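Predicted model follows, preceded by the sequence.
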Amino acid sequence: MHLDHSHDGPSAVSADARRPDGSRRALRIGLGGPVGSGKTATVAALCRALRDELSLAVVTNDIYTREDAEFLLREAVLPPERITAVETGACPHTAIRDDISANLEAVEDLEDEVGPLQLILVESGGDNLTATFSKGLVDAQIFVIDVAGGDDIPRKGGPGVTTADLLVVNKTDLAPYVGSDLARMAADAKAQRAELPVVFQSLRAEDGVRDVADWVRAQLAAWSA
């Protein structure tokens with residue numbers, strides 16, 4: 001299910017779109033959302049879908065571990081040198097919104113070491129519905145929720161749900177088992193987000209990440225233009 005609302009390109013463009021040598025830097029897309037919503041699985045699926053057509057890399061965030069990066073490495077979604085981890089040591093939103101220095105250093109190091117890159121995915125550690133990325137860190141942001149967290153999440157809102165450039169409602173295959181009403185979630189998301197797009201996905205389906213991958217391609221096309 002894809003709520004096909006109009007949305008023109010990245011809406012949160014960082015101040016400096018060029019590298020010190022004057023070349024265009026990579027588009028940075030952040031992925032946030034609650035613990036267990038499927039952020040890392042979505043990142044992995046995006047890497048598999050895009051790695052043959054784009055030069056991309058990933059930065060993950062965990063509080064005290066590198067577990068998400070290690071999952072991506074085990075899954076071999078990208079060469080190891082294209083995956084790096086930030087240990088935030090504090091609430092996840094701190095490193096993506098308040099003090100972004102560690103993440104900025106990570107993305108800049110990736111561009112220096114394995115560039116030129118077209119796309120860098122920055123995955124936040126699991127956080128609550130208020131988690132948003134600094135515009136100085138990413139150019140657009142995806143917020144991932146899942147149906148098992150309750151079909152009232154879109155109605156509750158919060159900055160992550162209402163302002164992210166793309167809202168992803170994940171694990172739709174679980175809806176019959178957890179009593180979640182997808183039509184209700186779609187209506188509530190529409191009410192909260194107006195014209196901002198929403199994608200419903202199940203990564204268990206063949207090509208389940210297709211709609212999100214297409215959205216990323218559209219952001220990259222707008223960024224490149």
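Cool, the structure landed. What you see is a predicted model, and the numbers here were worked out from it, not measured in a lab. Residues are numbered from 1 along each chain as shown.

so where is the chain shaky, pLDDT-wise?
1-15, 64-65, 89-90 (pLDDT under 70).

again, only using 50
4-15 (pLDDT under 50).

what about the strands in it?
Along the chain, the stretches classed as strands by DSSP state E are 2-3, 27-32, 56-62, 83-87, 119-123, 140-146, 166-170, 198-200.

Adding distance to residue 220, write these out as JSON lines.
All C-beta spots, glycine's among them, are computed from the backbone N, C-alpha and C. Formatted as JSON lines, the strands of the chain follow (distance: least, Cβ to Cβ, whole Å):
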{"stretch": "strand 2-3", "distance to residue 220": "19"}
{"stretch": "strand 27-32", "distance to residue 220": "5"}
{"stretch": "strand 56-62", "distance to residue 220": "10"}
{"stretch": "strand 83-87", "distance to residue 220": "19"}
{"stretch": "strand 119-123", "distance to residue 220": "6"}
{"stretch": "strand 140-146", "distance to residue 220": "10"}
{"stretch": "strand 166-170", "distance to residue 220": "13"}
{"stretch": "strand 198-200", "distance to residue 220": "17"}
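
Of all these, which one comes closest to residue 160?
With Cβ to Cβ, the closest approach to residue 160 among these belongs to strand 140-146: 4.3 Å.

Measure how the closest one sits relative to strand 27-32, angle-wise.
30 degrees (axes from the mean of the first three to the mean of the last three Cα atoms, to 10 degrees).
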